[in-house]
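In: Sequence first, predicted model second:
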Amino acid sequence: MEIEWALAHPLHDVADIVNMADHIFGDEVQNVLTTNRLVFEKNVTIATTVQCFDKTKEFIAVARPANFSGTGEFNNKLLGFCWFDRYGYTTYSNEEISNAKFHHVDLVLPAKLRVKLLNAMIDQHILWAYHNGIPIICSTSIRADHNGFMRIHAKRGFEVKGSYAWIKTKDGLNGIKGIEIGSSQAS
């Protein structure tokens, strides 16, 4: 299956993003947080609207089957989405961090396709952070079973600590096929 990635649009993608997050991953936080679908919908709508005018603040992309013909197993179904932000900092450093808010894929997809989607999301995170001068990338998981997700990051060169995966953006570039950055090019 060919996959088409696009920046999420407030008029066309919000409902699918909210539905996927709610139906597939909604139970992950139920013992700690009271989720509110309308709050999530509002936040996705605002972020995708801002993204239409300023692509440096947050990054939200959706994956759908390419060459949609209206037939087939997945039709124009949302296969996955990713959402990254910026302006994150730890209390012990002044280096800006881009945090991944979401890497969501439809769990009914074949495992090989889910891994392909996650790797594409990681590539997008690295490239967006690099383009915007963000030196550190952090990816986390709240899922009870996050080992496979963290293994994907470890294979990409991320330093994994529990459910956190960190990498310097310039080091992450070397993990993208076809891109090689020397130490003098990215600082």
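Out: Yep, it's here. Numbers count the residues shown, from 1 in each chain.

In: tell me which element residue 18 is part of?
Out: Under the criterion of DSSP states H and E, residue 18 resides in helix 14-25.

In: Can you name every helix or strand that that helix contacts?
Out: Applying 3 or more CB pairs under 8 Å, 6 or more residues apart in numbering; DSSP states H and E, we find helix 14-25 packed against helix 37-53, strand 59-65, strand 80-84, strand 97-105. Using the backbone N, CA and C atoms, a C-beta is placed for each residue, glycine as well.

In: I'd say residue 101 and residue 85 touch.
Out: Yes - Residue 101 is within contact range of residue 85, at 5.9 Å (criterion: CB atoms under 8 Å).

In: what's the spacing between the most centrally placed residue in the chain and residue 105?
Out: Ranked by distance to the mean C-alpha position of the chain (CA atoms, centre = their mean), the top residue is residue 82 at 2.8 Å. According to CB to CB, to the nearest Å, residue 82 and residue 105 sit 9 Å apart.

In: pLDDT weak spots in this protein?
Out: Low-confidence segments of the chain, defined by pLDDT under 70, are located at 26, 68-74, 178-187.

In: hang on, the earlier thing: what comes up buried for the helix holding residue 18?
Out: For helix 14-25, a neighbour-count test (16 or more other CB atoms under 10 Å) marks 14, 16, 17, 18, 20, 21 as buried.

In: how about residue 107, secondary structure?
Out: Going by DSSP: H, G, I helix; E, B strand; the rest coil, the secondary structure assigned to residue 107 is coil.

In: ok, now which ones touch the residue nearest to it when sequence neighbours are not counted?
Out: Excluding the flanking residues, the one nearest residue 107 by CB to CB, 6 or more residues apart in numbering is residue 24, at 5.7 Å. By CB atoms under 8 Å, 6 or more residues apart in numbering, the contact set of residue 24 is 104, 106, 107.
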